[in-house]
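> Can you look at this prediction? I've put the sequence above it.
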Number of protein chains: 2
Amino acid sequence: MTKVAALAGGVGGAKLAYGLSKILPPDDLTVIVNTGDDFEHFGLKICPDLDTICYTLAGLANPVTGWGRENDTWNCLSTLKQFDAPAWFNIGDADLALHLERTRLDQEGHPLSEITQQLARKMGIQHTVLPMTDEEVTTIISTKEYGDLDFQEYFVKYQFAPTMTGIKLDGIDWARAPQKVIDNLNGCDIVIICPSNPWVSIFPILSIQDIKQILAHKPVVAVSPIVGGNALKGPAAKMYREMGITPSALEVARQYKPYIKGFVLDVIDEEQGDILSQWGIISMVTNTIMANDEAKVRLAQEVLEFSLKLV
Amino acid sequence: MTKVAALAGGVGGAKLAYGLSKILPPDDLTVIVNTGDDFEHFGLKICPDLDTICYTLAGLANPVTGWGRENDTWNCLSTLKQFDAPAWFNIGDADLALHLERTRLDQEGHPLSEITQQLARKMGIQHTVLPMTDEEVTTIISTKEYGDLDFQEYFVKYQFAPTMTGIKLDGIDWARAPQKVIDNLNGCDIVIICPSNPWVSIFPILSIQDIKQILAHKPVVAVSPIVGGNALKGPAAKMYREMGITPSALEVARQYKPYIKGFVLDVIDEEQGDILSQWGIISMVTNTIMANDEAKVRLAQEVLEFSLKLV
């Protein structure tokens, strides 16, 4: 069998990871997840991307929002608002349990990779989900209006309205990949970069030295999160524009150029494949919109078949 | 007007405090609450007695249990159980908001007395509720079966089944009363010790040096939590027996002897009043069972009138 490591952020990445999990046996898929968005809120350790990936793989995710749990209730959050507490981050009542238990295990001294595996198992996830690092890395969005913001403040509290002037990854230079990430990356045949925000979901993962070094020796295929010049969700396209770049699948591929052998484009961006081939990147064109579970599995299957040709 | 300071623990004390709050204007009642039961759980700062007092005064308490909020939901707790988390402490979803916001304010560096006043105001409480101290005091129950247990472990996790061999108040020697407690105690005309567990609710308060010193100069009246040899709720009577004392109102009065001028007995214990008078304690006999809100107000009124005679 082919062993796959997938790099993912939140909602977009979770969709492809879900598709891959439906066609690969548990031992053959490791999802390595961005933790740059992690933050502390009301004393709780919250890992939004890990949560989204886990809820999605476990079949517990809210299908409308992509984040949080299906059929959750909001009694705690609405009470927090009655206390005039800073309740801008949406935490459902059942969702809270995950943050509480993670916080408890963290305070007991367990590393995040171990906590994540334990919680994932309790949710019935059979594939491996791991954080990119056990150490603290904090994605800071520098903005024109409010100065430096923690990613979740920028993303949720301010609904990514402020103008981004730069990104910093606090702690990235010292962050190491957990041993299990290193082992599973070393043991994989293919690395798939899921269609997550390159700036804030994928680059944090690619910026971990251990991971970067292993990827240099692996066939890496990325799926574009930019389709027809726009992001399906979130601030990716807006970030390109504010960094002075016209957002396109091609620009995503340009950023990933040092890492990737193959690139998956949406049919709407088909003509950009020519330039990719000039750059020595092999492209595949398909419908990359994952509107339902069937589409997630279909795209995962196509990406996997494409990747196998590049090995 | 008469200014009253009431010392209280959880459910039993909250009932009399509620009654007092219905007959005294906001400026004339300060409830000073035990914090020896406070503990950290899933990273949250939980203050069970403060919560019970506040929910009761705010009219938010669950009338069946006495603790927690009325009409709360249990989505978080049931999900914690699915994670096999140590979910032995019952926290409802709305109740969680109070612990989260207190934890947030605590981590911001606010003292507990300030946090408590802020949260109480948000709940619509007009009277003053204060913790006995801003510092950490931990009531430890030494048990035959499990050694030393934090009070909430003993009380909730083990349902006070273990045999108590002793009580320790960790941190009590260094704990100071908050300035506002000192001011309000100094300014009060009467101190009422509510019918809470003497061992674990009232003695921690009486063991704070600042409070003890002020009480020596105040008329103090206690209401017996032991009625007919039993506690209406909780382990008080069991604790007396395990400490080699036959539980009775008289034994409660014996413990409070250095502090009190008056003592309120239930009609069922009327004959014990004679011995009290030999000790120089003035007693009042009445129905002390507070089965409903009317009874709480009636008892509060009677206790208040009795206390005024002792000033």
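Noted; the coordinates are in hand.
> can you list the residues of the stretch 51-200 of chain A near chain B?
Within the stretch 51-200 of chain A, the residues that sit near chain B (Cβ under 8 Å from any Cβ of the partner chain) are A:72-73, A:75-80, A:82-86, A:92-94, A:96-98, A:100-101, A:103-104, A:106-107, A:119, A:122. Quick note: C-beta positions are derived from backbone N, CA and C, even for glycine.
> List the ones among those residues that fall in helices.
Among those, the members falling in helices (DSSP state H) are A:75-80, A:82, A:93-94, A:96-98, A:100-101, A:103-104, A:106-107, A:119, A:122.
> thinking again about what came up before, please, a PyMOL command that selects the buried ones among the residues of the stretch 51-200 of chain A next to chain B?
Remark: buried members of those, expressed as a PyMOL selection using 16 or more other Cβ atoms under 10 Å in any protein chain shown:
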select buried, chain A and resi 72+73+75+76+77+79+80+83+85+92+93+94+96+97+98+100+101+103+104+106+119+122
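> would you say residue A:140 is within a strand?
Yes. Using DSSP: H, G, I helix; E, B strand; the rest coil, the secondary structure at residue A:140 is a strand.
> ok, now how distant is the closest residue to it other than its chain neighbours from residue A:147?
The shortest distance from residue A:140 to any non-neighbouring residue, by Cβ to Cβ, 6 or more residues apart in numbering or on different chains, is to residue A:168 (4.3 Å). According to Cβ to Cβ, to the nearest Å, residue A:168 stands 12 Å off from residue A:147.
> go on, residue A:136?
Taking Cβ to Cβ, one finds residue A:136 at 21 Å from residue A:147.
> In terms of neighbours, single out the busier of those two.
Between residue A:136 and residue A:147, counted using other Cβ atoms under 10 Å in any protein chain shown, residue A:136 has the larger neighbour count: 16 against 11.
> For residue A:132, see how far away the closest residue to that one other than its chain neighbours is.
Spatial nearest neighbour of residue A:136, chain neighbours left out: residue A:171 (5.2 Å); criterion: Cβ to Cβ, 6+ apart. Distance, residue A:171 to residue A:132, using Cβ to Cβ: 12 Å.
> Then residue A:9?
10 Å.
> Please apply the same query to residue A:217.
Residue A:217 sits at a distance of 18 Å from residue A:132 (criterion: Cβ to Cβ).
> now the helices for chain A?
Using DSSP H, helices in chain A cover A:11-23, A:48-57, A:75-82, A:93-107, A:112-122, A:151-152, A:179-186, A:203-206, A:209-215, A:236-242, A:249-256, A:273-278, A:293-310.
> got TSV for these, with distance to residue A:163 and mean pLDDT too?
Formatted as TSV, the helices of chain A follow (distance: least, Cβ to Cβ, whole Å; pLDDT from 0 to 100):
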stretch	distance to residue A:163	mean pLDDT
helix A:11-23	23	96
helix A:48-57	22	97
helix A:75-82	28	97
helix A:93-107	31	98
helix A:112-122	32	98
helix A:151-152	15	92
helix A:179-186	34	98
helix A:203-206	19	97
helix A:209-215	29	96
helix A:236-242	6	94
helix A:249-256	19	96
helix A:273-278	29	93
helix A:293-310	33	96
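> of all these, which gets the most neighbours per residue?
helix A:48-57 (a mean of 26; mean count of other Cβ atoms under 10 Å in any protein chain shown).
> gap between that one and the chain center?
Averaging C-alpha positions (Cα atoms, centre = their mean, to the nearest Å) puts helix A:48-57 9 Å from its chain's average.
> again, but for stretch A:99-107
21 Å.
> Pretty sure residue A:178 sits against residue A:130.
Yes. Between residue A:178 and residue A:130 there is a contact at 6.2 Å, judged by Cβ atoms under 8 Å.
> Run a quick neighbour tally on the residue nearest to residue A:136.
Other residues near residue A:171 number 14, with proximity taken as other Cβ under 10 Å.
> Now do the contacts for it.
By Cβ atoms under 8 Å, 6 or more residues apart in numbering or on different chains, the contact list for residue A:171 reads A:135-138.
> Same check on residue A:132?
By Cβ under 8 Å, 6+ apart, the contact set of residue A:132 is A:32-35, A:175, A:177, A:181, A:204-205, A:208, A:211.
> ok, back up a step: what number of residues are in the vicinity of the residue nearest to residue A:140?
So residue A:168, with other Cβ under 10 Å, has 12 neighbours.
> pLDDT score for it?
Looking at residue A:168, its pLDDT stands at 96.
> just checking, it touches residue A:149?
No. Judged on Cβ under 8 Å, residue A:168 makes no contact with residue A:149 at a distance of 10.7 Å.
> what's the overlap in contacts for these two?
Shared contacts of residue A:168 and residue A:149 (Cβ under 8 Å, 6+ apart): A:140, A:142.
> ok so, going back, I'd like the helices of chain A as TSV, with distance to residue B:5 appended.
Output for those, formatted as TSV (distance: least, Cβ to Cβ, whole Å):
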stretch	distance to residue B:5
helix A:11-23	54
helix A:48-57	47
helix A:75-82	29
helix A:93-107	36
helix A:112-122	46
helix A:151-152	44
helix A:179-186	58
helix A:203-206	55
helix A:209-215	61
helix A:236-242	58
helix A:249-256	66
helix A:273-278	77
helix A:293-310	63
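> How about the contacts made by residue A:29?
By Cβ under 8 Å, 6+ apart, the residues touching residue A:29 are A:3-6, A:17, A:20-21, A:127-128.
> Looking at the residues you listed, which two lie furthest apart in space?
Using Cβ to Cβ, the two most remote members of those are A:3 and A:17, lying 14.8 Å apart.
> my guess is residue A:235 meets residue A:160, correct?
Yes. The pair residue A:235 / residue A:160 is scored as a contact, 3.9 Å apart, by Cβ under 8 Å.
> If you rank the contacts of residue A:171 by neighbours, which is first?
residue A:137 (23 neighbours).
> In the stretch 201-311 of chain A, which residue sits closest to chain B?
residue A:293 (23.2 Å; Cβ to the nearest Cβ).
> My read is that that residue contacts residue A:18, right?
Yes. Using Cβ under 8 Å, residue A:293 is in contact with residue A:18, at 7.2 Å.
> what is in contact with these two at once?
The contact sets of residue A:293 and residue A:18 do not overlap (Cβ under 8 Å, 6+ apart).
> pretty sure residue A:270 contacts residue A:284?
No. With contact defined as Cβ under 8 Å, residue A:270 does not count as touching residue A:284 (10.4 Å).
> what about the two, which has more around it?
Just comparing residue A:270 and residue A:284: by other Cβ under 10 Å the higher neighbour count belongs to residue A:284, 19 against 13.
> Kindly provide the distance from the residue nearest to that one when sequence neighbours are not counted to residue A:193.
Excluding its sequence neighbours, the residue lying closest to residue A:284 (Cβ to Cβ, 6+ apart) is residue A:306, at 4.4 Å. Separation of residue A:306 from residue A:193 (Cβ to Cβ) stands at 13 Å.
> Kindly point out which residues are neighbours of both of these two.
Residues within reach of residue A:306 and of residue A:193 at once, by Cβ under 8 Å, 6+ apart, are residue A:221.
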